Every structure is written in structure tokens, then in C-alpha cells.
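In: The sequence and its predicted three-dimensional model are supplied below.
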Amino acid sequence: MNRVELLKVLESLNLDSKEYWLITGGAMVFYGFRKETGDLDLGCTSKLADELEAKGHPVEIMTDGTRKICPVSDVEIFENWLYDQVEIIDSIPVISVKGLIAMKKSIGREKDLKDIQLIERYLDDHEGEAICPSFQNR
């Protein structure tokens, strides 16, 4: 999914933007670190997790007791999974770059470590430039 496709999926989910944030690959697309991602992962508040569960979406309880909810194929929403803070890019809530790196380090898969290298290389190559000109802290 590229940025346009991600926006279409987010629009179709019709979620309250104060209750979720883009993480992992989707965040990388929004920051411009990569052109596309295979799926859409979101973090969400417990309030949104409760609402999605009440609507009957499939729920998996994670080892830490939080929920993973899959409202449609290729979308996973993780309750309270956030490192650092949320920033707003073109009206979309996205995990901060610092949080994205911390999240990928915690996952620790080979592909996540490669993503960290990609992010760090991008930041080095664009030192002093705004990562994304339309972002704001939430």
C-alpha cells in the first residue's frame, strides 16, 4: 500500500483520529522513508479497542494483556502500543520518528533492524531538513 491507498483504508475504517495512530510500515510511508508497505498497523486507545470489540471485530489477547484487533484484512490495530509520542502529518496521527525507531528496536526482527538503518540513513542524508513539512505534535 502506498500513501494514497493507506489514506483510503483509513477513511474506510472511519476511526476517531484522536483514538489511533499509524505505526511501523505505514508510519514509514507517511514520513517518506519508504514508498509502500504490505499492510496497515495502527496503535489505538483502550476506548477505541473497546468500541471495535463491541462491534464484533476479531480480537486476540496479546501476552501483555492488550488486544490486537483485525477489523478488515491487512489491518491490525494494537491497543496502547505507543513509544514516545504521536505527531500529525496531513491530519493523520503518526508515531514519532523517535518512537518508530524504539518500536522497531523492540520488535527486533531482521527486517525491523534494516528499517532502522534505512531511517537513520535517510535522516543522515537529510540532516537539517524537516522530515515531513506538514507535521505537528499532538
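Out: Good, I have the coordinates. Only a predicted model underlies this, so the values are computations on that prediction, with no experimental measurement involved. Numbering: from 1, shown residues only.

In: what sits against the residue nearest the centre of the chain?
Out: By Cα atoms, centre = their mean, the mean C-alpha position of the chain lies nearest to residue 23, the distance being 1.5 Å. Shown in contact with residue 23 (Cβ atoms under 8 Å, 6 or more residues apart in numbering): 41, 42, 43, 78, 81, 82, 95, 100, 103. Where C-beta positions appear, they are placed from N, C-alpha and C, glycine not excepted.

In: Bridge partners for the fourth one, pull those for me.
Out: Yep, that's residue 78 we're talking about. residue 43, residue 68 (DSSP bridges).

In: Number of residues surrounding it?
Out: Burial measure for residue 78: 20 neighbouring residues, criterion other Cβ atoms under 10 Å.

In: Surely it touches residue 42?
Out: Yes - contact status for residue 78 versus residue 42: in contact at 7.0 Å, counting by Cβ atoms under 8 Å.

In: now the strands: where do they sit in this protein?
Out: In the chain, the strands defined using DSSP state E lie at 20-22, 40-44, 59-61, 67-69, 75-79, 86-89, 92-95, 135-137.

In: any idea how far residue 7 is from residue 14?
Out: Here the criterion is Cβ to Cβ, to the nearest Å. By it, residue 14 lies 13 Å from residue 7.

In: Show me what the longest helix along the chain packs onto, helices and strands only.
Out: Ranked by number of residues, the top helix in the chain under DSSP state H is helix 110-125. Contact partners of helix 110-125 among helices and strands, from 3 or more Cβ pairs under 8 Å, 6 or more residues apart in numbering; DSSP states H and E: helix 24-31, helix 97-107.

In: So which bits of the last one are buried?
Out: Applying a neighbour-count criterion of 16 or more other Cβ atoms under 10 Å, one finds 97, 99, 100, 101, 102, 103, 104 buried in helix 97-107.

In: And for it, what's in contact with it?
Out: Identification of contacts with helix 97-107 by Cβ under 8 Å, 6+ apart yields 23-24, 27-28, 31, 81-85, 95, 112-113, 115-116, 119-120, 123, 131.

In: Perfect, that will be all.
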